[in-house]
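Peer 1: Predicted coordinates and the sequence they were generated for:
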Amino acid sequence: YLMMSWQQLSPLPKMVDFKKILPKKKEEEEYYWSLLIEPGWVQAGIWKIEDRKAKVVVVSQATPWNIDDDLLSSSDTVLSSAIQNFPENLSEPSKTVFGVSSSWVDKGQIGVEYLEKIKKLCGELSLTPIGFVVLPEALAHYKKYSEGAPLNAVTLGIYKENLEISIFSMGNLLGNSQVARSVSFEDDVGEGLSRFAAGINIPSRFLLYDGREGELEDAQQSLMKVNWDDFDKFKFLHTPKIEIINVEVK
């Protein structure tokens with residue numbers, strides 16, 4: 001499902017040709033890295049293509065980072081953690097798909113300052129970049145794959161300094177919004193939703209994600225107590241369902 005939205009990191013054509021990396025024979029089976037970089041968190045996984053689908057075989061725990069040097073060392077940590085559970089008789093992957101937050105991307109391209117971070121990681125950690133996915137869009141693909149229907153939901157990335165809000169209708173991304181955190185988590189969510197164009201029907205479903213599930217449970221409980229009628233700029237057709245995206249699933 002990740003592969004359905006990946007794009008080139010370089011100025012080459014945006015979409016990777018999926019067929020070119022499909023193994024032609026079983027003995028040609030190849031493994032790939034996924035490196036997920038979120039504000040404050042990084043996580044790694046190893047996957048392969050099996051029966052023309054992406055199958056994740058190893059997942060690391062999420063590790064925190066704050067500054068660029070932290071990102072390099074934390075990325076090294078999660079890659080090392082993942083490879084410990086990878087069969088010794090198989091070659092370690094090099095080709096890498098990067099997962100990034102919506103704040104890193106503008107008009108389908110990773111911002112220059114963030115692209116430099118990825119280039120540094122590739123150079124220091126011997127990774128070969130083959131594309132990237134935007135996390136909310138990858139989650140939408142995953143939900144379509146696992147539930148059998150296009151996603152209608154608000155995805156909510158919860159981080160120390162910002163909230164990242166995306167709205168999907170029938171699997172289509174309607175827009176993204178980044179909101180600086182204040183003392184009120186509920187008001188921050190309301191502020192983010194109010195930034196979308198008037199007339200958009202906000203789906204009555206939230207998908208919450210970040211690097212620590214304990215914090216997600218607190219956020220879930222907070223949103224379940226909100227009286228959404230108090231907000232004037234948007235309305236829900238019925239009380240939203242609040243769900244948590246498991247860290248390993250993400």
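Peer 2: Received, thanks. Numbers count the residues shown, from 1 in each chain.
Peer 1: surely residue 208 meets residue 241?
Peer 2: No: applying Cβ atoms under 8 Å as the test, residue 208 and residue 241 come out as separate, 11.1 Å apart. Using the backbone N, CA and C atoms, a C-beta is placed for each residue, glycine as well.
Peer 1: Counting neighbours, go ahead and name the busier of the two.
Peer 2: residue 208 (20 against 12; other Cβ atoms under 10 Å).
Peer 1: Give the rounded mean pLDDT of the helix ranked longest in the chain.
Peer 2: Counting residues, the longest helix found in the chain (DSSP state H) is helix 68-84. For helix 68-84, mean pLDDT rounds to 94.
Peer 1: can you give me how far that helix is from the chain middle?
Peer 2: Mean-position distance between helix 68-84 and its chain equals 18 Å (Cα atoms, centre = their mean, to the nearest Å).
Peer 1: helices or strands up against it?
Peer 2: Judged by 3 or more Cβ pairs under 8 Å, 6 or more residues apart in numbering; DSSP states H and E, helix 68-84 is in contact with strand 31-38, strand 41-50, strand 53-59, strand 63-64, helix 112-125.
Peer 1: if you compare those, which one is most tucked away?
Peer 2: With neighbours defined as mean count of other Cβ atoms under 10 Å, the helices and strands packed on helix 68-84 peak in mean count at strand 31-38, which reaches a mean of 22.
Peer 1: In the sheet, which strands lie alongside it, parallel or antiparallel?
Peer 2: Taking DSSP bridges as the criterion, strand 31-38 sits next to strand 41-50 (antiparallel), strand 95-100 (parallel) in its sheet.
Peer 1: circling back: using JSON lines, lay out the helices and strands packed on helix 68-84 together with mean pLDDT and distance to residue 77.
Peer 2: Shown next, in JSON lines, are the helices and strands packed on helix 68-84 (pLDDT from 0 to 100; distance: least, Cβ to Cβ, whole Å):
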{"stretch": "strand 31-38", "mean pLDDT": "96", "distance to residue 77": "12"}
{"stretch": "strand 41-50", "mean pLDDT": "94", "distance to residue 77": "8"}
{"stretch": "strand 53-59", "mean pLDDT": "90", "distance to residue 77": "14"}
{"stretch": "strand 63-64", "mean pLDDT": "93", "distance to residue 77": "5"}
{"stretch": "helix 112-125", "mean pLDDT": "95", "distance to residue 77": "11"}
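Peer 1: can you put the strands paired with strand 31-38 in JSON lines and add distance to residue 160?
Peer 2: Converted to JSON lines, those look like this (distance: least, Cβ to Cβ, whole Å):
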{"stretch": "strand 41-50", "distance to residue 160": "10"}
{"stretch": "strand 95-100", "distance to residue 160": "17"}
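Peer 1: low-confidence ranges in this structure?
Peer 2: For the chain, applying pLDDT under 70 flags the ranges 1-28, 199, 211, 213.
Peer 1: about what we covered before: select, out of the helices and strands packed on helix 68-84, the one closest to residue 131.
Peer 2: Nearest to residue 131, of all these, is strand 31-38, at 10.0 Å by Cβ to Cβ.
Peer 1: Could the C-alpha coordinates of that closest one be exported in CSV?
Peer 2: Taking Å, rounded to 0.1, in the frame of the first residue of the first chain, the C-alpha atoms of strand 31-38 are listed here in CSV:
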residue,chain,number,x,y,z
TYR,A,31,14.0,-6.4,0.3
TYR,A,32,13.7,-2.7,0.9
TRP,A,33,13.9,-0.2,3.7
SER,A,34,11.2,2.1,4.9
LEU,A,35,12.4,5.0,7.0
LEU,A,36,9.5,7.0,8.5
ILE,A,37,10.5,10.5,9.7
GLU,A,38,8.0,12.5,11.7
